[in-house]
Each structure stands twice: as structure tokens, then as C-alpha cells.
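Peer 1: 3D, please:
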Amino acid sequence: MIKNKEIIDKLTTIMITSLLELQNLANPKLHKDFDFLSTVPIFLTDVIATFSDLIDIHYPGAALHIYAELGEAIKLGGFRAIKKIKPKDGSVNYSVPTVDLNDLTTAANQLGQELLMVLSKGINNLPMPLCNSKEISLRVVEALITNLLHNKFYSDGTHQILDSLCEHVHMSLQDLEPNIKKFPAKDTKR
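Peer 2: Next comes the predicted model:
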């Protein structure tokens, strides 16, 4: 069995070799009549997608985790930023997002914002009469909550968890009410 250090060493060697080759290709004299800047992102995306798909075969769901980590790493400034947040003990079990492991409120809010963005994007991709329908929004949230409760909490009494969830939503809405008066919701119609 290959140990962690051997895998990291192999990945580092592959990365260094690839970067040296890319550095050679970045020479403008080699591609005067070639649209290099638009081709490289497509190529790199394909490499990442292919590698993620290969990993996903053995670790289902890993591709989505890889994409999330890459997105956060790129926002933070790449490998140099990752090195700064990597644990001092040298372990490789870390995550790029900057949410503290004990900060459940921030983690929940960040995830809630991500879900809202994905939900809004999905709704806006529907035909015009549907994307402006409040009913479709409620149905989507209903389906999301139903599936989540069924898949994650089936053996824990889903109806009691739903009741508790509703109480928390009511409290959160009350907390938002002062802000609603100051900053009314934006019209989401296209």
C-alpha cells in the first residue's frame, strides 16, 4: 500500500513537471497566431474534471468536494494561500474554506447562502412563467426539506425534527424583520 508521503511526492513531481512544461508553452513567441489565453483555461478545466471523475469512481461525491476546494483555493490566492492555512503538524486533513470547525453558525449561514444561490440560479433557468412563480419556489424548498429529512434523519423522527426546524425558522425570520424594514427584498423578476 502506498503511504501518504509517497502519494504527495508523486503528485508534487507531476505538478512540477507539468508547470515546467506550461512555463515553456507560455512563451509568446511559440503561439503568435494562437489564442493561448482562451485555450489554457479550457485545457486546465478538462484536466481537473477528468482527474476528479477518476477519483469519483472510487470515492463517490469526491468530485464535488474537489471542485468546492478548488473554488475556495482560487479565491484565496492558490497554493501559497493553502500553505498558510495548512496545519502545522503536516497533516493533509484540512479544508480550504476559512470557516472554523467550531463555528456552526457561520458554517450554516455560508452553506445557506450557497444553497440560496444554487436554488435561485435553478429557478431562473426555468421558463419565464415558472421562474416568477412563488409556488414553484415553495415546492422546491418543500422537496429539498423533505429529501433532506428523509435521507439524513429518517431514523431520528423526521416529524419532530421538522417541528424544531420550523421553530428555528420562525426565530430567524423574527431576527430578520428589523432588516426587512430597512432593506426590502429585491425584485427577482428578470
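Peer 1: please make it C-alpha for all contacts and neighbour counts, starting now.
Peer 2: Fine.
Peer 1: and the helix of greatest length in the chain, average pLDDT?
Peer 2: Criterion DSSP state H: the longest helix present in the chain is helix 158-182. When pLDDT is averaged over helix 158-182, the result is 83.
Peer 1: could I get the buried residue list for it?
Peer 2: Across helix 158-182, burial judged by 16 or more other CA atoms under 10 Å covers Thr158.
Peer 1: now for it, which elements pack on it?
Peer 2: helix 134-153 (3 or more CA pairs under 8 Å, 6 or more residues apart in numbering; DSSP states H and E).
Peer 1: now name the helix or strand holding Thr105.
Peer 2: helix 104-124 (DSSP states H and E).
Peer 1: for Pro41, that is, sorry about that
Peer 2: Using DSSP H and E, Pro41 falls in helix 36-58.
Peer 1: mind listing what's buried along that helix?
Peer 2: By neighbour count on 16+ other CA under 10 Å, the buried set for helix 36-58 is Ile48, Ser52, Asp53, Asp56.
Peer 1: Provide a list of residues in contact with Ser18.
Peer 2: If you count contacts by CA atoms under 8 Å, 6 or more residues apart in numbering, Ser18 has none.
Peer 1: and it, how far is that from Arg139?
Peer 2: Between Ser18 and Arg139 the distance is 48 Å, computed by CA to CA, to the nearest Å.
Peer 1: what's the answer for Leu37, then?
Peer 2: Separation of Leu37 from Arg139 (CA to CA) stands at 43 Å.
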